[in-house]
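Trainee: Sequence and predicted structure below; questions after.
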Amino acid sequence: MIPCVMCHRKLCYHGRDGAASGESLRGFDRFSLKRLRIWYTRRMPEIIDLRSDTVTRPTPEMRKAMAEAEVGDDILRDDPTVLRLEELAAELLGMEASMFTASGTMSNEIAVAVMTRPGDEVLVHADSHIYNLETGALAALAGVQPRIVADENGSYDISSLEKTIAKQGVQLARHSLLCLENSFHLNRGLALAADVYAGAAAAAHRAGMGVFMDGARIFNSAAALAVDVKELLKDCDAAAFCLCKGLAAPMGSILAGSRSFIDEARRIKQRFGGGWRQAGVVAAPAVIALEKMAGRLSEDHENAENLRRGMEGLGMRVDRGGVLTNIVNLDVSPRITGAAELAGALLDRSIKVKVCDETRIRMVTHNDVSGEHVNRVIQAVSEVLEK
Ligand SMILES: Cc1ncc(COP(=O)(O)O)c(C=O)c1O
């Protein structure tokens with residue numbers, strides 16, 4: 001028997017891929033191949049992936065919707081599924097219009113490019129995604145300079161903010177945009193109530209600045225605070241959220257704002273190479289994400305809380321600051337020397353987590369993590385600590 005072209009074994013479960021590119025299927029009929037694959041899969045322990053909520057896989061309903069999606073050409077604005085998604089998203093956010101984009105990063109950077117001019121200064125949080133994890137796009141794409149504001153809890157000190165933005169002069173950069181993030185901090189997931197940033201947004205508006213919300217996980221915040229998403233965006237001129245995180249769609253993000261903002265955002269999206277054609281194929285699962293997945297996020301929060309309690313029960317320290325969502329931030333130092341050591345031991349038990357630094361681990365619950373999985377994780381951590 002000729003070995004599989006993928007794993008070089010004579011007997012494996014890569015049947016179809018092997019068959020497509022080589023000879024490993026020789027001697028197997030379809031039925032025996034299926035049985036072989038089932039046998040192999042049952043022997044493999046199920047992987048619990050807590051690295052992020054970005055690892056969620058589309059639900060069977062989403063996959064069906066993708067296959068059956070009615071499509072058109074989105075650049076020509078005649079893809080009916082994209083139009084439906086954008087209408088639905090704008091309505092949910094309480095904004096005039098919205099635009100479907102490929103990613104949260106793309107939405108954020110389009111928003112900044114529309115709301116500023118090159119040479120302007122934008123105010124960003126020290127721990128924000130837009131400042132730390134978008135490859136310097138603020139400078140590279142929008143030509144703006146960030147002014148960093150440090151506040152551990154996602155708020156702004158109003159008096160120092162006012163002092164900063166009041167400064168004007170021929171030598172100074174124009175302050176044009178205040179950036180917010182909710183849930184705040186991708187390794188902590190703090191849900192911020194609207195009054196946490198209402199004062200900062202008002203100060204920015206008084207100074208003639210725009211206010212943009214990176215709401216990649218804003219539906220998590222709304223669920224944790226038991227408020228409508230509209231309430232969290234009432235002081236924002238524009239906002240973005242992600243479809244492929246807790247909402248479990250395979251990809252995409254929504255950018256929303258006034259109609260004139262979105263008209264200009266479409267031009268910038270095109271300039272950034274983000275124009276797409278039969279995007280209805282990916283808009284269809286996104287519609288399901290909005291209609292069905294936003295309503296189940298509190299399940300993820302409950303699982304996260306059980307995980308926190310379990311970790312505390314094992315003597316770990318967990319981040320308890322503020323209203324928490326689906327992100328568990330764990331300090332392992334009271335029980336084990338290094339975060340990487342624990343992550344490695346968990347990986348041996350088919351559990352994946354994210355190492356944030358020497359002592360911190362992030363675990364994120366999502367649609368593919370059940371209550372039973374959470375119990376398995378607690379059990380696994382307990383085994384590692386006992387060793
Ligand atoms: C707060 C926040 N904003 C923006 C993004 C970017 O989203 P994407 O990965 O879709 O570009 C992320 C991704 O994790 C995020 O956590």
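Mentor: Arrived safely. Numbering: from 1, shown residues only.
Trainee: pLDDT score assigned to the closest residue to residue 74 other than its chain neighbours?
Mentor: Spatial nearest neighbour of residue 74, excluding adjacent residues (C-beta to C-beta, 6 or more residues apart in numbering): residue 279 at 4.5 Å. For every residue, glycine as well, the C-beta is placed using N, CA and C. We have a pLDDT of 98 for residue 279.
Trainee: and residue 277, what is it in contact with?
Mentor: Shown in contact with residue 277 (C-beta atoms under 8 Å, 6 or more residues apart in numbering): 73-75, 79.
Trainee: For it, what are phi and psi?
Mentor: Note on residue 277: backbone dihedrals following degrees, to the nearest 10 are phi -100, psi -90.
Trainee: per the record, what domains does the protein have?
Mentor: 1-44, 48-56+296-386, 60-294 (automatic domain parsing).
Trainee: Which one of these lies nearest to the ligand?
Mentor: When the domains of the chain are compared by C-beta to the nearest ligand atom, domain 60-294 sits nearest the ligand, at 2.5 Å.
Trainee: taking the mean pLDDT, what do you get for the helix or strand residue 108 falls within?
Mentor: Using DSSP states H and E, residue 108 maps to helix 104-115. For helix 104-115, mean pLDDT rounds to 98.
Trainee: what residues does it touch?
Mentor: 99, 101, 122, 129-130, 133-134, 137-138, 141-142, 144, 176-177, 179, 210, 212, 214, 216, 237-238, 240-242, 253-255, 257, 261, 264-265, 268-269, 272, 274.
Trainee: Write out the residues of the protein neighbouring the ligand.
Mentor: 103-105, 108, 129, 181, 186, 214, 216, 242, 253 (C-beta under 6 Å from any ligand atom).
Trainee: do that again at 5 Å, thanks
Mentor: Proximity of the chain to the ligand, by C-beta under 5 Å from any ligand atom, involves residues 103-105, 129, 186, 214, 216.
Trainee: what two of these are the furthest from one another?
Mentor: 103 and 186 (14.1 Å; C-beta to C-beta).
Trainee: More neighbours: those two, which one.
Mentor: Higher neighbour count among residue 103 and residue 186: residue 186, with 21 against 18, using other C-beta atoms under 10 Å.
Trainee: For that one, give me its contacts.
Mentor: 129, 133, 216, 327.
Trainee: Restricted to buried residues, select the residues you listed in ChimeraX.
Mentor: In ChimeraX, this line selects whichever of these come out buried by 16 or more other C-beta atoms under 10 Å:
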select :129,216,327
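Trainee: With distance to residue 365, secondary structure and pLDDT added, can I get the contacts of residue 186 in a markdown table?
Mentor: Formatted as a markdown table, the contacts of residue 186 follow (distance: C-beta to C-beta, whole Å; DSSP: H, G, I helix; E, B strand; the rest coil; pLDDT from 0 to 100):
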| residue | distance to residue 365 | secondary structure | pLDDT |
| --- | --- | --- | --- |
| 129 | 19 | helix | 97 |
| 133 | 21 | coil | 97 |
| 216 | 16 | coil | 98 |
| 327 | 8 | strand | 98 |
